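Asks: Dropping the sequence and predicted coords here.
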Amino acid sequence: MKITRVEAIPFAIPYRKPLRFASGEVHTAEHVLVRVHTDDGVVGVAEAPPRPFTYGETQAGIVAVLETVFAPQVVGLSLLERETVHARLSRTVGNPAAKSALDMAIWDALGQSLDVSVTELLGGYTDRMKVSHMLGFDEPAAMVAEAERIRDSYGITTFKVKVGRRPVSLDTAVVRALRERFGAEVDLYVDGNRGWTAAESARAMREMADLDLLFAEELCPADDVLGRRWLVSHVDIPFIADESAVTPADVTREILSGSATAISIKTARTGFTRSQRTHHLAEGLGLEVLMGNQIDGQLGSLCTVAFGAAYELTSRRPGELSNFLDMTDDLLAEPLCIADGELVIRPGAGLGAALDPGKLRHYRQDR
């Protein structure tokens, strides 16, 4: 079970429409496929989605750091030496998506080698999660129409609404339109991607006070330290720390300082090993936890549901598992299927992810 080779393969798949939010917009999924080979012939896989406007990583940067820095540090190690892998990767600052994809590909290879699923390795609580769908910036009527389509096609009844535009009424009008259209049939929460000031966020939350929101996420920047604490103290629903709480240390700081009351775990930026640490910390602190999405493809979403289904805490709330629906294609040989508002883990060992070689040849960017 020794690691013999690490591949980092850039690929690009267009979205059906641009995904727009306060911190940027995405037209094409320019991701990196990571493959970990072992001396037993096993190949573990995972996906790294760079988000340069949030974490500073680019597709080319992920490929470079994996090939020149991280691969030499893990080749020769056993798949069981995950703590050694974690320690070696942690010597290099930043690069969360690159580290996470390598970590998850190792877990996938380990599961295949032991003939058990990654979900069972992690905890094995359940085999599925309810799904939440993200609604990006658009006019109210268009966002209501998208929510109707997603509900009718996939049975999804929880929606994360992107906010953070100015004036704030642009976004509060959307949330109101969604609530007026669906009433109590759906659950709604908002994510500002740090787009508003604390004062603007407070105003928006007052305008939406009667709309029965589940959560508010990253409405204003965490580095506005006093403003963020003031805002959280005036919000009467859980306030989720997302990009401001990437590591367990970040979570501890944000929660104990009063800058958040809940967290989002994204396997695309913390892998399985660090996500475990964050989960256990959150469990000990009694925090609400959501499984978030870094605009992942189907392989990334498979990683998210594999982790989220492993624990009671992370499977309690719907996970953000549907953004791949906005992509024109994917690398999986058998597409993921969301039915009755749920996504089920793949059967079999590891992640159960089989790639389509023809699609990989078509979409890879290095040949």
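Replies: Yep, that arrived.

Asks: For stretch 119-133, the averaged confidence score.
Replies: Average pLDDT, stretch 119-133: 98.

Asks: centre of the chain versus that stretch, how much separation?
Replies: 14 Å (CA atoms, centre = their mean, to the nearest Å).

Asks: Run through who's touching it.
Replies: 107, 110-111, 114, 117, 147, 150, 154, 156, 158-160, 187, 272, 276, 290-291, 305-312, 315, 317-323, 325, 338, 341-345 (CB atoms under 8 Å, 6 or more residues apart in numbering). To be clear about C-beta, it is placed using only N, CA and C from the backbone, and glycine gets the same treatment.

Asks: please redo it, this time with the cut-off set to 6 Å
Replies: With CB atoms under 6 Å, 6 or more residues apart in numbering as the test, stretch 119-133 has contacts from 111, 150, 156, 158-160, 305-306, 308-312, 315, 318-322, 338, 341-345.

Asks: can you check stretch 355-367 too?
Replies: So stretch 355-367 is contacted by 9, 10, 11, 12, 13, 331, 333 (CB under 6 Å, 6+ apart).

Asks: Same list (those) but as a markdown table, adding pLDDT and neighbour count.
Replies: Shown next, in a markdown table, are the contacts of stretch 355-367 (pLDDT from 0 to 100; neighbours: other CB atoms under 10 Å):
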| residue | pLDDT | neighbour count |
| --- | --- | --- |
| 9 | 98 | 19 |
| 10 | 98 | 19 |
| 11 | 98 | 21 |
| 12 | 98 | 12 |
| 13 | 98 | 18 |
| 331 | 98 | 25 |
| 333 | 97 | 13 |
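
Asks: how about those residues, which pair is most distant?
Replies: By the measure CB to CB, 10 and 333 form the most distant pair in these, at 20.0 Å.

Asks: pLDDT on the longest helix seen in the chain, on average?
Replies: In the chain, assigned by DSSP state H, the helix with the most residues is helix 96-114. Averaging pLDDT along helix 96-114 yields 98.

Asks: ditto for stretch 64-75
Replies: 98.

Asks: Which members of the contacts of stretch 355-367 are positioned in strands?
Replies: The strands, defined by DSSP state E, take in 9, 10, 11, 12, 13 from those.

Asks: can you tell me how far the first one sits from residue 198?
Replies: Applying CB to CB, to the nearest Å, the value for residue 9 to residue 198 is 42 Å.

Asks: hmm, back to that, what lies in contact with the longest helix of the chain?
Replies: 1, 34, 36, 38, 42, 44-46, 48, 50, 55, 57, 62, 65-66, 70, 79, 89, 117-118, 121, 268-273, 303, 349-351.

Asks: check contacts around the residue nearest to residue 83 when sequence neighbours are not counted.
Replies: Distances taken as CB to CB, 6 or more residues apart in numbering put residue 273 closest to residue 83, at 7.8 Å, once the chain neighbours are dropped. Neighbouring residues of residue 273 by CB under 6 Å, 6+ apart: 82, 86, 103.

Asks: So which of those is surrounded by the most neighbours?
Replies: For the contacts of residue 273, the largest number of neighbours (other CB atoms under 10 Å) sits with residue 103, at 27 neighbours.

Asks: For the stretch 201-350 of the chain, just list every one of the strands.
Replies: In the stretch 201-350 of the chain, the strands defined using DSSP state E, counting those that start in this stretch lie at 216-217, 239-241, 262-265, 288-291, 319-320, 342-344.
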